[in-house]
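# Dropping the sequence and predicted coords here.
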Amino acid sequence: MRRPQIALLPDDRRLHLQDGPIDLIIGADGADGEIRAAYQAAVQRFTGLLDELCAELPELREAAAPDHCGLRGVVARRMYGAVAPYAADTFITPMAAVAGSVAEEILGAMRGAAKLARAYVNNGGDIALHLSDRARFSVGLMDRPDGTGVMRSITVRAEDTVRGVATSGRHGRSFSLGIADAVTVLARTASQADAAATIIANAVDLPGHPAVVRRPANELQPDSDLGHRLVTCEVGALSGDEVAEALAQGAARARQLLEGELIEGTVLQLCGEIRLICAKPLEINRPQQLQASAA
Amino acid sequence: MTTDTASESAGDKIRCDACPVMCYIKPGAAGACDRYANQDGVLVRVDPHILLERTVSHGGRLVPFQASGDWDGKIVQQPDLFVTAIGAGTTYPDYKPAPFIVSSEVDGVDMVTVVTEGIFSYCGVKVKIDTDRFLGPETATVRVDGEAVGHVTTSEYGSQMLSLGGVHHLTGGSKKEGRVTCDALMDLSNRKPVELVIDGGATVVVQAGAPPIVNGVKEERMRVGCGSATIGMFAKQWQGKVDEVVVVDDHITGVLSEHQAGKLLDIPATGIKMKGRRSTPGRYFQVAQPGTGWGGTDISDPLAILGPFDPKTARPGTTILMVSTTGEHAGYYVLDEALRPVEQDMPPDLKFSVERIQENCEPALCTVLFMAGAGGSLRAGVTDNPVRLTRSVKDALTRVTSGGAPVYVWPGGGITFMVDVTQMPAGAFGYVPTPAIVAPIEFTLRLSDYAALGGHMDYVQPLGSLKDVSKDIRQLPWPVRSAG
C-alpha cells in the first residue's frame, strides 16, 4: 500500500496528512492518550482512502442522478448524498463534495476511536468540526484567498448545529461557474457545506456580462468533471449595481437552500461587498475585535 | 523544482502518475494537487514556499525550524531562515492558501514577517542597457509584438535607459496592450529574454544579467568613456607612436592633436578637419547620425567623418589612428602625397593600445529593476491602518524586502520600491489577468511593533509551522540584521 505523508506540524500538536491532492490539517483537544488514539485512527483511515476514491473516479466525475446512486465506497456515497438534493435541477457531480466528504470521514474515524473535547479536520479550507460541551471554534475568514483583503472570523459553538464549513469561489483550487470571490457555507456536515458552497458560488453570477471571461473547463484541465462547461477565468471591472445584482442572484439561491434546510448560513463575497444569509445571527468578528482579542 | 516522478505524455499533455488521480496536465498548468505541474512538457514539482537560508555553505543541509527563545534583536532566530513571499498567496498560477484557517496558536512567536504576494497594477521595470549604440530617440515608444509597452528615456554613462510598463500601458490602453505589457514585465522580471522594438530605432533583446543583443549583434563591452575622455586617458600612451588619434563617438568624438590632453603633451597640429559641431577644442558633437556602427554612430567607414586635410598644416606620411570608444573598431591610416588617408596595417604598439581600450571596457549587461508601489489594499492585508505601515517603513522600523532581496524605497508618499531582479530567486514573479504583476513583498518587524501598527495578530503563525521547505535554498544576498 502506498503510504501517505504523515507528520506532526512543528508545534507537535497538529497532524498533517497528505496524499495526492488531499491535504489535511488536523487538530484535537482532549487527554493526551485520546489525542494519540484519534490521530492513529485518522492515519489508519486515511491510508488507502485516495485509492478507494480513484477506483470510482470516472463515475464520481459524472453528473449525479437525482434518484439513483451506483457508487459503492462509503466516502463516494457520502459525496453523492451531499450533491443529490441539487441533481434534479442542476448539473452537479459528486466531485463537488469530495473535500468535505473526506474531512468528514476522517473526523468520524477520530471520534469513533477517542473521546475528544474538540477536533477539526481541515481539508484545504473545507472543514469538519467536532465540538462537545461548551467548546467553540474561531474560524478565520479572508475576503479573498489571495490575502490582500481584510480578514474576519466566525465563532462556531457546540450548541450550534454547525459541524461543517466550506468555501467556494473563483479564486480557489477548483473551477467556479460563477464570479464570487468567496462563498462560505456553514452546514450540519462538511460534505453538505462543500456541495452547497459550490452551488451558491455558481449562482453569484452575471450571465453574458462582457467583463467576465469564461473558458471551457476541459480546455484548462483536460479531465475536469465540468467538461466543456464555461468556467470563470477573469472578472473585469464591475459597477456597484452589477456587484449587487450578482450577489442578489447568489443570495436568492442561498435562501432556497436555507429554507430547504441544506445549510445553516452563508457569507457571500464579491469585490469587497458582503452578504450574510442565515436563519439566526452569525457571530462575525470584525478585524478591530480580532485585534482587541489578540492584545 | 525537481523532476522526481515518472510521467507519460499524451500529445502536449502529461499524465502525472504521482498519485492515483493520474491527472492529465496541460503545458503551463498544474494537476489537481497543485504540487505537480507541466513545465514545457516536463513534470515538475512545484513547491509552495521558498525559504531562504542564510548560511555560508548551502549544500543539501536542512536546518530544523525553530521559533522559540528570547528576542535578541535579530530579524529571524537562528538558523536564519527567512520566509519569502514567493508562493505565499496568489490567485494564479501558484499555491493557493486555504481561505479558512482554524485559528492557530500564537505562543512562542517573537517576530513577524508579513508575507504576501502583492498584486501590482502600478508597476514596471527600469531597464539599463550597456551600449553606445543608438537604440532610439528619447521618448520613442518601445514595443513588444507591436504593442506599446514603454518608452526610451535618458541616455546615461555608457548606457541607455528604458522605462517599461506602468499603469497606463497595463490598464490604460487596449486589452492586448495590457496583456502584452504584463507578459513582458513578468518575463523581464523573471530574467527571461524579451525582444523590444523601438520606434525609429533598434531591435534589442534584453535579458537581466546578460549582454544586450542590438539588431542581432551581441554587445560585448561597455565603452571605457566618451571619445573625449578616452583621449584624455590614453594620450600619453599614444605620444610618439602616432601623429593623430580620433576616438569616434556619437556623443563626443575626441581628436588628440586638438584636445587639451594633446596640447599638454605638445602634440603638433595635423591639419585634420572634422565634420560635426565643435564643442571645445578637440571635442566634436554630431560627427554623424546615431546608429549601430562605430562608437554608436551610423558609420562603417570612419573616414566619412573627416573633411579634407588642411594643406597648410598637413604633411604626407602623417599617421592617424581611428578607434571607437570600446576599441571594437579601429583603423590605421597614413596620408599619401595628395594628403589623403590610406589604410595600412596597424603597428603592434597601436594594436596594443586598442586592446588596452577593450580591456578597460566592462562587460556590457542589461540590468532590470522592478519598480512597484504597495497600494492601500496590499497594506491593508498587513495591517488595519495602512498608513501606519508606510510610516513604519519610513521610520525604518519595518524592513521591506522582495523575494528576500533588498529594495530601495523611494522617499515621499506610499511604499514605492525598486529591486534588482537578479537578486531574487528564479520564477519569483507571476501575473493575474487583470492584468497586473504578482510580486513577492515582505515586511519584517518586531512583533510588538506589528501589534502597535494594527497588525492582524490573530493570523500570526510561528515560523515553524511553515513546513514545506523548497530544495531551492539560497544564500541571502544581504546580511540579516536587526530591523530596529
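Now that the structure is in, tell me what you want to look at. Residues are numbered from 1 along each chain as shown, chains lettered A, B, ... in the order given.

# Just the element for the nearest residue to A:L206 once chain neighbours are set aside, please.
The shortest distance from A:L206 to any non-neighbouring residue, by C-beta to C-beta, 6 or more residues apart in numbering or on different chains, is to A:A246 (5.0 Å). Where C-beta positions appear, they are placed from N, C-alpha and C, glycine not excepted. A:A246 is located in helix A:240-259, with elements delineated by DSSP states H and E.

# where does chain A dip in pLDDT?
A:1-2, A:10, A:141-152, A:172-173, A:280-295 (pLDDT under 70).

# then stretch B:244-259 to PDB, C-alphas only?
The C-alpha trace of stretch B:244-259 is given here as PDB (Å, rounded to 0.1, in the frame of the first residue of the first chain):
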ATOM      1  CA  GLU B 244      46.900  61.800 -34.700                       C
ATOM      2  CA  VAL B 245      44.100  59.800 -32.900                       C
ATOM      3  CA  VAL B 246      40.400  60.200 -33.400                       C
ATOM      4  CA  VAL B 247      38.100  58.400 -31.000                       C
ATOM      5  CA  VAL B 248      34.800  58.000 -32.700                       C
ATOM      6  CA  ASP B 249      31.800  58.500 -30.500                       C
ATOM      7  CA  ASP B 250      28.300  59.500 -31.300                       C
ATOM      8  CA  HIS B 251      28.200  61.700 -28.200                       C
ATOM      9  CA  ILE B 252      31.600  63.400 -28.100                       C
ATOM     10  CA  THR B 253      34.300  62.500 -30.600                       C
ATOM     11  CA  GLY B 254      37.800  63.200 -29.500                       C
ATOM     12  CA  VAL B 255      40.800  64.400 -31.600                       C
ATOM     13  CA  LEU B 256      44.200  64.100 -29.900                       C
ATOM     14  CA  SER B 257      46.100  66.900 -31.600                       C
ATOM     15  CA  GLU B 258      43.400  69.500 -30.700                       C
ATOM     16  CA  HIS B 259      42.400  68.100 -27.300                       C
END
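
# Give me the buried positions along it.
Residues B:244-259 are the ones in stretch B:244-259 that count as buried (16 or more other C-beta atoms under 10 Å in any protein chain shown).

# Can you pick out the most distant pair from these?
Farthest apart among the buried residues of stretch B:244-259 by C-beta to C-beta are B:D250 and B:S257. That separation is 21.2 Å.

# circling back: show me which of the buried residues of stretch B:244-259 is closest to B:S324.
Closest approach to B:S324 among the buried residues of stretch B:244-259 (C-beta to C-beta): B:V248, at 5.1 Å.

# Can you tell me the closest non-neighbouring residue to the closest one?
B:G295 (4.1 Å).

# repeat for A:T189
A:G164 (4.6 Å).

# pretty sure that neighbour is in contact with A:A195, am I right?
No. A:G164 lies out of contact with A:A195 (C-beta atoms under 8 Å); the separation is 10.1 Å.

# what residues do these two have in common as contacts?
In terms of C-beta atoms under 8 Å, 6 or more residues apart in numbering or on different chains, A:G164 and A:A195 are both contacted by the residues A:G100.

# that older thread, hmm, B:V247 and the residue nearest to B:V248 touching each other?
Yes. Contact criterion C-beta under 8 Å: B:G295 and B:V247 qualify, at 7.3 Å.

# Would you mind listing the residues touching both of the two?
Common contact partners of B:G295 and B:V247 (C-beta under 8 Å, 6+ apart): B:227, B:253, B:324-325.

# which stretches of chain B have low pLDDT?
Within chain B, the segments meeting pLDDT under 70 span B:1-11, B:34-35, B:45-119, B:121, B:375-386, B:394-397, B:431-434, B:444-451, B:453-484.

# How is it partitioned into domains?
If you go by automatic domain parsing, the domain ranges for chain B are B:1-46, B:47-121+B:375-465, B:123-222, B:227-359.

# Quick one: closest of these to A:A114.
Shortest distance between A:A114 and the domains of chain B, using C-beta to C-beta, is found for domain B:47-121+B:375-465: 18.4 Å.

# where exactly do the strands run in chain A?
Assigned by DSSP state E, the strands in chain A fall at A:5-8, A:15-19, A:22-29, A:118-123, A:126-131, A:136-142, A:151-157, A:164-168, A:182-187, A:212-216, A:230-235, A:265-270, A:273-278, A:284-285.

# Run through the strands of the stretch 101-250 of chain B in chain order.
With strands called from DSSP state E, counting those that start in this stretch, the stretch 101-250 of chain B shows them at B:111-120, B:123-130, B:141-144, B:147-156, B:159-165, B:194-198, B:203-206, B:213-214, B:217-218, B:244-248.

# check contacts around A:A64.
Applying C-beta under 8 Å, 6+ apart to A:A64 gives the contacts A:80, A:83-84, A:87, A:92-94.

# How about it: what's its closest non-neighbour residue?
A:A87 (4.2 Å).

# Who does the residue of the stretch 201-350 of chain B found nearest chain A form a beta bridge with?
Residue of the stretch 201-350 of chain B nearest chain A, by C-beta to the nearest C-beta: B:A208 (26.1 Å). Beta bridges link B:A208 to B:C366, judged by DSSP bridges.

# All set, thanks.
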